[in-house]
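Asker: Following is a predicted model, sequence given first.
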Amino acid sequence: MPNKTKELLTKLGPLIGLILLVVVITILNPSFLTMDNLLNVLRQVSISALIAFGMTFVILTGGIDLSVGSTLGLTGAVAASLLASGTDPIIAMGVALILGLLLGAVNGVIITKGKAAPFIATLATMTIYRGITLVYTEGRPISGLGDGAAFQMFGKGYFLGIPVPVVTMILAFIVLYFILHKTTFGRRVYAVGGNEEAAKLSGISPDRIKIAVYAITGLLAAVSALILTSRLNSAQPTAGQSYELDAIAAVVLGGTSLTGGKGWIFGTLVGALIIGVLNNGMNLIGVSSFFQQVVKGAVILLAVLIDRKKTA
Amino acid sequence: MSKLIEMSGISKAFSGNVVLDNVSFELKPGEIHALMGENGAGKSTLMKILTGIYTRDAGTIKVDGQEVQFKSPKEAEALGIAVIHQELNILPDLTVTENLFLGKEKTYGFLGILKKKEMDEEAKVLLSRLGLDIDPRTRTGDLSVGKQQIIEIAKAIASDAKYIVMDEPTAALTDREIETLFVTINELKAKGIAFVYISHRMEEIFSICDRITILRDGTYVGVREIAHTSFDEIVSMMVGRELGERFPLRHAKIGDVKLKVENLSAKEAFDDVSFELRQGEILGVAGLMGAGRTEVAQALFGYRKTSAGSIYIDGKQVKINSPIDALKYKIGFVTEDRKTQGLVLDFSIKENIMLANLEKGSKSGIIVPKMEDELVAGYIEQLRIRTSSANAAAKSLSGGNQQKVVIAKWLGTQPEILILDEPTRGVDIGAKKEIYQIMNNLAEAGVSILMISSELPEVIGMADRVIIMREGKLTGMVPKESMTQENIMHYATGGDQHAQ
């Protein structure tokens, strides 16, 4: 069926873009394609990819979550302060994850029960969560987090030669891919984004689905927070600032529509990798960090324009 | 006299789908020419070609003997062709004058400062010429729908229209308003303005029009002088066969009361509605647009808050606060607008059918593709949904097949009460009959059906009884034996409360 192949090509477009990018960077600086560097790229990508996975769910319902970076900051700070006061690492990490889930759910409740536009609601909670983090940390980094194995491994460890954050990212991807594409919950996420009214009239509760996707996003932001805090061995009160933009960019680069209902999480993984490879590659080639932003923005713009062309 | 507008050999296809094939149409000066045909016959496509919204694939259009090729509605307007759509094109928050002069305001020079007084004066003159005695500074939204309609006509006259296309102008009007509208139309006709009048209402057409052109399935069937034709001839030209076979026979056994609605009210929608629906019965709900019929259906389905009244199912009082509750009570709801309320257009046929049936295609929340495929294949076959694959996108289907997908979604829930809101709107004749057959089969299987319909022949052909609503109130009930279009319209328009 020609239609099927066309659809597949559209879906694989971002992947083709990523491969081209890798080829170009490798030609310009062959040291890109070393095992060490690739693992390094993946480890950097893992933090933004986890947030972008959550963002994919939110954007598929037609929403947006600007508060993910602040959620990362606050959950990281809480985990760090618990660790610094000698709490068991497993408990400290568990508290951070639950807190992330709750902060996300609060977004969902404001958006559904308060009937607030997601952009405005999460813009507000972005500011509030960041403010709470600053108050909580008194604006200072929290360090002295102890040497609990579970916590230290989470950001810095290796499993079979692969950095643990990368393993976490891959596991999260598999689980989330399954949830989105193989469960009734995933189908409902697409339905709510595709046509909320039809979904509601078919006996689906859009409110419940939305609260759940924002909670998932909060949870994933907390996972990222733990990786970042472990890697830095400290929690910065400003950690995660502007991470929401990279996450949204990754989702859009992956071909998910901002109007909801269309997209897939594999695309987001590819999108996050494109951004990661671009950052790393430009450093290797020696592009100035100021100019890097221009290139990154241009790539996102290009992706969106190509996407518009396809759908028009 | 010369012919004003002459369209001949017009053809048009959308992505290979032929909607008009060699169609002709002519409009003489000062005539009112009805354009009739079933939904999907091609009336609106033909008029969109005439008014420059679509371009034709083949054929010629002559206006006053000159061949024309419109590239935009603006060009058609410049030659004096105006359209008044079913959904009025009026900005309710502007005054009557502002609406009349929209886009052609009179100003002092290039600064855009409005000549308010002058426009108000001119509007006043124009309105009184049309027999409308209102202050042109009134907010247009405060006027009745009938008056708004006449303002639309005034708008067309103000831009020197010589040919006015009216699409279902009376759908939302009361009898009195229709009379006023007809007087206005006749006066303009006397001044040489020609009308194309699209309507499903035979009586109106026979009372006001001079000629009728009939289309069927995108082809030209013929043109008749009103004076030399009859209802029956027109109907058989429209459907291409006798009316009798449009509605298949039904052998349903009507049982006990399944659904009982008592004094149901919802704020700003409907008031004090009571009726009963029996097992195996098809109960028609007739009325004009905006009479509150859809709102009652929404309330029964938990999609609209009620302010008073009670609902009983199988004799037990129930509270339906959400569609989720409605599903629990085995109610299904095929909504009026399948594109905005019935389907997720980007979803496949399968995903759409499964939308209300996710539990039936999954085990503990995990989708089992084989269960879904089997269930969906069954409905595709049973309802004869024409598609190459269950994975085809819903948006790629024709109106009739889309409607069948929505029906299949609800059949999957095994409803005991099925609400159908305009079940055959925008569906071609063949698919229409299939939908009627599906309804009959359901009724024969004991499903109770509430059918909201604005097409009176459909109500008369399908319903066992009909209830009629007007302005949010239930105004009457007519049993099968005494159903006539006149009878039902009287209740719907408030024309005569004593007819029965």
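Answerer: Received, thanks.

Asker: And for residue B:132, nearest residue in space, chain neighbours not counted?
Answerer: Of all residues not flanking residue B:132 in the chain, residue B:150 sits nearest, at 5.5 Å (Cβ to Cβ, 6 or more residues apart in numbering or on different chains). Yep, even glycine has a C-beta here, placed from its N, CA and C like the rest.

Asker: in the stretch 101-250 of chain A, which spans are strands?
Answerer: With strands called from DSSP state E, counting those that start in this stretch, the stretch 101-250 of chain A shows them at A:142-143, A:158-159, A:162-163, A:234-235.

Asker: Distance-wise, check residue B:270 relative to chain A.
Answerer: To chain A, residue B:270 is 19 Å away according to Cβ to the nearest Cβ, to the nearest Å.

Asker: For residue B:448, see how far away the closest residue to that residue other than its chain neighbours is.
Answerer: Once flanking residues are discounted, residue B:270 sits nearest to residue B:292: 3.6 Å by Cβ to Cβ, 6+ apart. From residue B:292 across to residue B:448, the span is 21 Å (Cβ to Cβ, to the nearest Å).

Asker: Look at the two and report which has more neighbours.
Answerer: The neighbour comparison of residue B:292 against residue B:448 (other Cβ atoms under 10 Å in any protein chain shown) goes to residue B:448, with 29 against 22.

Asker: surely that one meets residue B:257?
Answerer: No: with contacts counted by Cβ atoms under 8 Å, residue B:448 stays clear of residue B:257, the gap being 9.1 Å.

Asker: shared neighbours of these two, anything?
Answerer: Common neighbours of residue B:448 and residue B:257 (criterion: Cβ atoms under 8 Å, 6 or more residues apart in numbering or on different chains): B:277-279.

Asker: quick one: low-confidence ranges for the chain?
Answerer: Chain wasn't specified; assuming chain A. Scanning chain A with the threshold set as pLDDT under 70 gives A:1-7, A:9-10, A:307-312.

Asker: Let me rephrase: I mean chain B.
Answerer: B:1-3, B:15-16, B:39-40, B:241-245, B:428-430, B:495-500.

Asker: Could you list the contact residues of it toward chain A?
Answerer: Proximity of chain B to chain A (Cβ under 8 Å from any Cβ of the partner chain) is limited to residues B:301, B:303, B:322-324, B:326-327, B:333, B:335, B:340-347, B:351, B:354-356, B:358-359, B:362, B:365-367, B:409.

Asker: In terms of helix, strand or coil, where does the residue sitting nearest the centre point of chain B fall?
Answerer: The residue lying closest to the centre of chain B (Cα atoms, centre = their mean) is residue B:425, at 6.4 Å. Using DSSP: H, G, I helix; E, B strand; the rest coil, the structure places residue B:425 in coil.

Asker: Enumerate the residues of chain A near chain B.
Answerer: Counting by Cβ under 8 Å from any Cβ, chain A sits next to chain B at A:182-185, A:187-188, A:190-191, A:194-195, A:197-205, A:261-262.

Asker: which of the residues you listed count as buried?
Answerer: A:182-185, A:187-188, A:190-191, A:194-195, A:197-205, A:261-262 (16 or more other Cβ atoms under 10 Å in any protein chain shown).

Asker: doesn't residue B:120 fall inside a strand?
Answerer: No: Residue B:120 is assigned helix when assessed by three-state DSSP, not a strand.

Asker: ok, the residue of the stretch 101-250 of chain B found nearest chain A - how many residues close by?
Answerer: Chain A sits closest to residue B:172 of the stretch 101-250 of chain B, with a gap of 23.3 Å, by Cβ to the nearest Cβ. Residue B:172 has 19 neighbours, counted by other Cβ under 10 Å.

Asker: before we move on, what about the one 3 residues further on?
Answerer: The burial count assigned to residue B:175 is 14, neighbours taken as other Cβ under 10 Å.

Asker: I'd say it and residue B:494 touch.
Answerer: Yes: contact status for residue B:175 versus residue B:494: in contact at 7.2 Å, counting by Cβ under 8 Å.

Asker: ok so, going back, correct me, but the residue nearest to the centre of chain B touches residue B:339?
Answerer: No: Residue B:425 lies out of contact with residue B:339 (Cβ under 8 Å); the separation is 11.0 Å.

Asker: what's near enough to touch the one residue sitting closest to the centre of chain A?
Answerer: Chain A has residue A:51 as the residue nearest its centroid, 1.7 Å off, counting by Cα atoms, centre = their mean. Taking Cβ under 8 Å, 6+ apart, we find residue A:51 in contact with A:68-69, A:72, A:217, A:220-221, A:224, A:243-244, A:246-247.

Asker: Look up how far residue B:115 lies from the residue lying farthest from the centre of chain B.
Answerer: Using Cα atoms, centre = their mean, the residue of chain B lying farthest from its centre is residue B:109. It sits 44.4 Å away. Separation of residue B:109 from residue B:115 (Cβ to Cβ): 10 Å.

Asker: Equivalent analysis for residue B:69, please.
Answerer: 36 Å.

Asker: So for those two, which sits in the more crowded spot?
Answerer: Counted by other Cβ under 10 Å, residue B:69 and residue B:115 do not tie: residue B:115 has more neighbours, with 14 against 10.

Asker: ok, the more buried one touching residue B:101?
Answerer: No: judged on Cβ under 8 Å, residue B:115 makes no contact with residue B:101 at a distance of 9.5 Å.

Asker: any shared contact partners between the two?
Answerer: Contacts common to residue B:115 and residue B:101, judged by Cβ under 8 Å, 6+ apart, are absent.

Asker: And the strands in the stretch 151-300 of chain B, which stretches?
Answerer: B:163-167, B:194-198, B:211-216, B:219-225, B:257-266, B:270-278, B:282-287.

Asker: what would those strands look like in a markdown table with distance to residue A:94 and mean neighbour count?
Answerer: Formatted as a markdown table, the strands of the stretch 151-300 of chain B follow (distance: least, Cβ to Cβ, whole Å; neighbours: other Cβ atoms under 10 Å in any protein chain shown):
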| stretch | distance to residue A:94 | mean neighbour count |
| --- | --- | --- |
| strand B:163-167 | 64 | 23 |
| strand B:194-198 | 68 | 24 |
| strand B:211-216 | 70 | 22 |
| strand B:219-225 | 72 | 16 |
| strand B:257-266 | 48 | 18 |
| strand B:270-278 | 53 | 19 |
| strand B:282-287 | 57 | 27 |
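
Asker: okay, now residue 268: neighbour count?
Answerer: Reading this off chain A. Neighbourhood size, residue A:268 [other Cβ under 10 Å]: 29.

Asker: that's the wrong chain, I meant chain B
Answerer: By other Cβ under 10 Å, neighbour count at residue B:268 equals 9.

Asker: residue contacts, it?
Answerer: Residue B:268 is in contact with no residue at all, counting by Cβ under 8 Å, 6+ apart.

Asker: do residue B:465 as well
Answerer: So residue B:465 contacts B:281, B:283-284, B:477-480 (Cβ under 8 Å, 6+ apart).
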